[in-house]
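I need the structure of the sequence given here:
(one chain, ligands or ions: 2)
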Amino acid sequence: MTRPCRSVLYIPAANARAMDKARSLPADAIIFDLEDAVTPAEKPAARVLLAQALQQDYGGRLRIVRINGLDSAWGADDARAFATGADAVLVPKASRPEDLDEVAALIPDTPLWAMLETAAGMLNAAQIAAHPRLQGMVMGTNDLAKELNARFRADRLPMMAGLGLCLLAARAHGRIIVDGVFNAFKDDEGLRAECEQGRDMGFDGKTLIHPAQLAIANAVFGPSEAEIDLARRQISAHEQAAAQGLGVAVLDGRIVENLHVVTARATLAKAEAIAKMTA
Ligand SMILES: CC(C)(COP(=O)(O)OP(=O)(O)OC[C@H]1O[C@@H](n2cnc3c(N)ncnc32)[C@H](O)[C@@H]1OP(=O)(O)O)[C@@H](O)C(=O)NCCC(=O)NCCSC(=O)C[C@H](O)C(=O)O
Ligand SMILES: [Mg+2]
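Ligands and ions are numbered 1, 2, ... in the order given. Down below sits the predicted model:
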């Protein structure tokens, strides 16, 4: 994964002002939402507003459109309307690979992303991740909590089985995967803790609901100076060991093997991609 997806900001497609504002926000990706953040009465107008917004320049930000489900009155038209003009279409409540097949058949050339937010979606995560048109996966932890009848806890214990299954599925099939939203958008400390947890688990980034959450997600999911320094020193230590015919180096009292060098190179590539994107 070289494309940074540290911060993925949802914007209701009915909110023209917010869509315009996002053109200058430091988000790696934007999800323009036609689904849950837009009321049924607003949906037709939101589609028109979004089409207008997507004519504007969003710089290097990945532009993803979350359509309504195909089982709704709007889903199929949403998909057709944004088959071009956006970088990807996000399928809500993907529960089986067939849910992606149905959208893929409507829009044969558009990359797909999938919302993983149902109990069935967790159990079928591997087959969903294997879908040939899939590029990225998004955790929908609000819907998942609703389906599970789970209570929200700071440690997200009730979510762990689902988060872990989806992460395993994404990694097994080389997909981008971003963590669910943190609802209390004025609670910076809580957001940071949840971002750190998602980063520790291996998520590429976090979905966000408010611009005030961007800086924390970008900081937590981007390589820190200390991580970049360690990566450089690991590569150098391993090269020096290799020059002496050794496969294992020791740095700061820890072994460095080829697999650590692979991770170190990925860290530097990500830092470089972020620097390029923000230049
Ligand atoms: C949560 C909000 C309703 C708060 O809105 P508001 O009260 O207007 O916030 P502020 O006054 O603090 O806004 C300050 C300025 O920032 C702009 N703004 C606000 N939110 C966004 C945004 N998301 N993107 C871009 N810009 C934004 C405001 O326009 C103000 O600008 P200005 O007037 O120039 O000062 C609101 O933040 C919001 O609607 N957030 C998104 C909610 C959403 O999309 N929800 C759906 C996705 S979550 C979900 O469904 C996850 C998943 O499916 C699951 O199951 O878990
Ligand atoms: Mg949802």
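
All the helices of the stretch 51-200 of the chain, in order from the start?
Taking DSSP state H, counting those that start in this stretch, the helices of the stretch 51-200 of the chain run over residues 75-81, 97-106, 119-123, 125-129, 141-148, 160-172, 188-201.

Out of those, which is closest to ligand 2?
Across the helices of the stretch 51-200 of the chain, the minimum distance to ligand 2, taken as C-beta to the ion, is reached by helix 141-148, at 3.6 Å. Quick note: C-beta positions are derived from backbone N, CA and C, even for glycine.

Please see if the closest one touches ligand 1.
Yes - legend: contact between helix 141-148 and ligand 1 by C-beta under 6 Å from any ligand atom is shown at T141, N142, D143.

Isn't the last one up against T118?
Yes - assessed by C-beta atoms under 8 Å, D143 is found in contact with T118 at 6.7 Å.

Mutual contacts of the two, please.
Between them, D143 and T118 share these contacting residues under C-beta atoms under 8 Å, 6 or more residues apart in numbering: K93.

Between those two, which is the more surrounded one?
Looking at D143 and T118 with other C-beta atoms under 10 Å, you find the greater number of neighbours at T118, namely 22 against 19.

give the contact list for that one.
K93, A94, S95, D143, L144, E147.

Go through these and say which is closest to K43.
Nearest to K43 among these, counting by C-beta to C-beta, is K93 at 16.5 Å.

Can you give me the separation between the closest one and ligand 1?
As for K93, its distance to ligand 1 is 8 Å (criterion: C-beta to the nearest ligand atom, to the nearest Å).

my read: that residue touches M115, true?
Yes - between K93 and M115 there is a contact under C-beta under 8 Å: 6.0 Å.

Let's have the contacts of T118 in a markdown table, adding pLDDT.
Output for the contacts of T118, formatted as a markdown table (pLDDT from 0 to 100):
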| residue | pLDDT |
| --- | --- |
| K93 | 98 |
| A94 | 98 |
| S95 | 98 |
| D143 | 98 |
| L144 | 98 |
| E147 | 97 |
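
What is the most widely separated pair among the residues you listed?
Greatest spacing in these, by C-beta to C-beta: A94 and E147 (13.4 Å).

Looking at these two, which is more packed in?
Taking neighbours as other C-beta under 10 Å, A94 and E147 compare with A94 leading, 29 against 17.

Tell me the predicted confidence for M1.
Confidence at M1, expressed as pLDDT, is 56.

ok, R254 - how many residues close by?
Neighbourhood size, R254 [other C-beta under 10 Å]: 11.

same question, L163
Count around L163 with other C-beta under 10 Å applied: 23.

For it, give me its contacts.
Counting by C-beta under 8 Å, 6+ apart, the residues that L163 touches are M139, T141, R156, D179, M201.

Residues of the stretch 151-279 of the chain that sit close to ligand 1?
Residues of the stretch 151-279 of the chain lying near ligand 1 by C-beta under 6 Å from any ligand atom: G180, V181, F185, I209, H210, P211.

what does the stretch 1-150 of the chain give?
Residues of the stretch 1-150 of the chain lying close to ligand 1 by C-beta under 6 Å from any ligand atom are 9-12, 17-18, 21-22, 33, 36-37, 115, 117, 140-143.

Can you pick out the ones from these that are in strands?
If you go by DSSP state E, those have L9, Y10, I11, P12, D33, M115 in strands.

Filter those down to the buried ones, PyMOL style.
Only the buried members of those end up in this PyMOL selection, burial being decided by 16 or more other C-beta atoms under 10 Å:
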select buried, resi 9+10+11+12+33+115
